[in-house]
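Q: Sequence and predicted structure, then a few things I'm wondering about:
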Amino acid sequence: MAFLSFVYRFLTNFAFMAVVYFSLNFMEKYPNRAILAILVLVYAGMRAASTLRAFYFFQKIEKLEAETKRLQASINDGSGGASTRRQVVADVARLRRDGELKSYMDLFFLALIVLLCVAAIMRQ
């Protein structure tokens with residue numbers, strides 16, 4: 001399922017980029033193309049801000065993981081609950097890492113979309 005989530009994220013970002021590319025290239029009049037490019041730039045900026053905010057969230061989760069591991073070492077009581085806690089920490093670490101990779105993928109496609117929009121605005 002993790003692989004499918006990466007494929008889904010890639011396909012949706014690629015589809016958005018393709019829609020932007022074809023929309024900007026098939027606009028004949030410059031004012032219409034410039035307005036569309038500016039609107040897409042605004043949307044890309046909002047998504048980029050949201051993605052960068054997610055990195056702050058992932059950083060906080062990483063600090064919580066480190067703190068949990070530190071506390072787990074001191075509380076390790078030898079019961080069955082210790083392995084469950086270790087599994088939960090490992091699952092959270094995996095989900096955080098996957099989320100960071102998806103955020104990097106989003107930022108890559110957003111940068112490509114910004115380049116497309118700037119090129120469409122500069123082209124006459």
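A: Everything's here; your move.

Q: and the residue nearest to residue 102 when sequence neighbours are not counted, what is it in contact with?
A: Nearest residue to residue 102 in three dimensions, chain neighbours excluded: residue 9, at 5.1 Å (CB to CB, 6 or more residues apart in numbering). From N, CA and C alone the C-beta is placed, and that goes for glycine too. Listed by CB atoms under 8 Å, 6 or more residues apart in numbering, the contact set of residue 9 reads 102, 105-106.

Q: List just the nearest of these to residue 45.
A: Among the contacts of residue 9, residue 106 lies closest to residue 45 (CB to CB), at 12.9 Å.

Q: Helix, strand, or coil at the closest one?
A: helix (DSSP: H, G, I helix; E, B strand; the rest coil).

Q: How much space separates it from residue 9?
A: 7 Å (CB to CB, to the nearest Å).

Q: Check residue 101 too.
A: 9 Å.

Q: try residue 17
A: 13 Å.

Q: Contact partners for the residue most central in space within the chain?
A: Centroid-nearest residue in the chain, with CA atoms, centre = their mean: residue 103, separated by 2.0 Å. Residue 103 makes contacts with 51, 54-55, 58, as judged by CB under 8 Å, 6+ apart.

Q: Now a ChimeraX select for only the buried ones of those residues.
A: Per 16 or more other CB atoms under 10 Å, the buried members of the contacts of residue 103 correspond to this ChimeraX selection:
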select :51,58
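
Q: Counting only helices, which of the contacts of residue 103 make the cut?
A: Secondary structure from DSSP state H places 51, 54-55, 58 of those in helices.

Q: and which of these is nearest residue 112?
A: Closest to residue 112, out of all of the ones in helices among the contacts of residue 103 and judged by CB to CB, is residue 51, at 14.0 Å.

Q: What does the pLDDT read for the closest one?
A: In this model, residue 51 is scored at 92, pLDDT.
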